[in-house]
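Undergrad: Can you look at this prediction? I've put the sequence above it.
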Amino acid sequence: MKKILVIQNKRIGDVLLASLIATNLKKVFPDSVIDFMVYDYTVGVIEQHPAIDNIIPIKEKELKKIPNLIKTAFQIRKKKYDIIMDPYAKTQSRIISLLSGAKTRIGYKKRDKNPPLPFYTHNVSFLKEKSHPCGKSLEDRVHLVKSVFDVQNPDYVPKIYLTENEQQYNKLDKYDKPVIMFGILGSTPQKSMPYEYIVSLIDFVTENYDVYALFNYSPHQKANAQSIYDACKHKDKIIFDIYEESIRGFVLLMNKCKLLIANEGGTVHISKALNRPTFTIFSPYVLKDHWASFEDGKMHTSIHLLDEKPDLFSTDREQRKKIEEDPSYLYKQLTPELILPQLDAFLKQHF
């Protein structure tokens, strides 16, 4: 019986995508025990996953302290894993991998190091381009397994698993119209639309469709969410008193919504893993080919400034100066006038 550890100390979406590593490893080693090491606040997207036997939650701030990092590495060593998978491949996880004592250690090759550093026994290069509708980020994670092991019929679709009790979640039962989840703020300013733009989208949807709008945002963004709510025209069609602070709570809430309209991020991946339609607004600073998955123009679709105004991404000196002076400059060019026709077409397919 193989003992396997997957180290994915990153954000929510990354953890969910990395669950495919466990899914595909179970195809190769069906009797294995697979543990997942993740930041504690991301656990909600992999709970109940049938391919993950144990979740090891750690605190992000604590692991950044060198003594705690070394202590964690030696705790991992005591567990005597046979295989370490490191899809993040950064300093913390590299050290844990190196000190683990595992005979097989698999991680991504650092592009500027040749020959590769000795953290892994198998240094895997990122794919040069995608060849599957799942998008490059997902394909890279499956490739991390396939490059070393013979995976028959690899799975490229992340899933979130709910218990029967969780499926009975009822906080939206009293509403007699479909509920649209709006991811109104990105995880960082560079992933967030200007507030007045998201207000325009909310107003358009609540004016033209017989639905309720529900907001999602991080707990520390509540004041910003309140500002957006205050600026909206149709507050009677916005559910502002229902909010889940935990990731698992959001999963249960999203599972009861009709679809998602959001800035690109973890909520989009969660919605797709729940088989809910998504309209994704990409930050101009994010590579769409890497993160856009399973887009068919109906179930899942997105918009990116590069597709609408490619000339803005020129290397023109004046253009670079504008971007340097105002980091949000490019996002301001992705106006509601560009988004609304595509959003309307998407919604008409679902209502």
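TA: Thanks, I have the structure now. This structure is a prediction, so every number in the text was calculated from the model and none was measured. Numbering: from 1, shown residues only.

Undergrad: Would you agree Thr301 falls within a helix?
TA: No - under the criterion used here (DSSP: H, G, I helix; E, B strand; the rest coil), Thr301 is strand, not part of a helix.

Undergrad: pretty sure Ile303 contacts Ser283?
TA: No - at 11.0 Å, Ile303 and Ser283 do not qualify as touching, with contact defined as CB atoms under 8 Å. From N, CA and C alone the C-beta is placed, and that goes for glycine too.

Undergrad: between the two, which one's more packed in?
TA: Ser283 (24 against 20; other CB atoms under 10 Å).

Undergrad: residues near Val238, how many?
TA: Rather than Val, residue 238 is Ile. 18.

Undergrad: Once you drop chain neighbours, what's closest to it?
TA: Ala213 (4.8 Å; CB to CB, 6 or more residues apart in numbering).

Undergrad: since we're on that neighbour, how many residues are nearby?
TA: Ala213 has 24 nearby residues by other CB under 10 Å.

Undergrad: Surely it is in a strand?
TA: Yes - according to three-state DSSP, Ala213 belongs to a strand.

Undergrad: beta partners of it?
TA: The partner list for Ala213 in beta bridges (DSSP bridges) reads Ile180, Ile238.

Undergrad: ok now the lengthiest helix in the chain, how far from the chain's centre?
TA: As assigned by DSSP state H, the longest helix anywhere in the chain is helix 12-28. Centroid separation for helix 12-28 versus its chain: 13 Å, with CA atoms, centre = their mean, to the nearest Å.

Undergrad: same check, this time on stretch 266-282
TA: 9 Å.

Undergrad: Would you agree Leu5 is in contact with Asp35?
TA: Yes - under the contact definition of CB under 8 Å, Leu5 touches Asp35, with a separation of 4.9 Å.

Undergrad: Please identify which of these two sits among more neighbours.
TA: Neighbours per residue (other CB under 10 Å) separate Leu5 from Asp35, with Leu5 holding more: 24 against 18.

Undergrad: circling back: and the following helix or strand past the longest helix of the chain, which strands flank it?
TA: Using DSSP states H and E, the helix or strand that follows helix 12-28 towards the C-terminus is strand 33-39. On the basis of DSSP bridges, the sheet neighbours of strand 33-39 come out as strand 3-7 (parallel), strand 54-58 (parallel).
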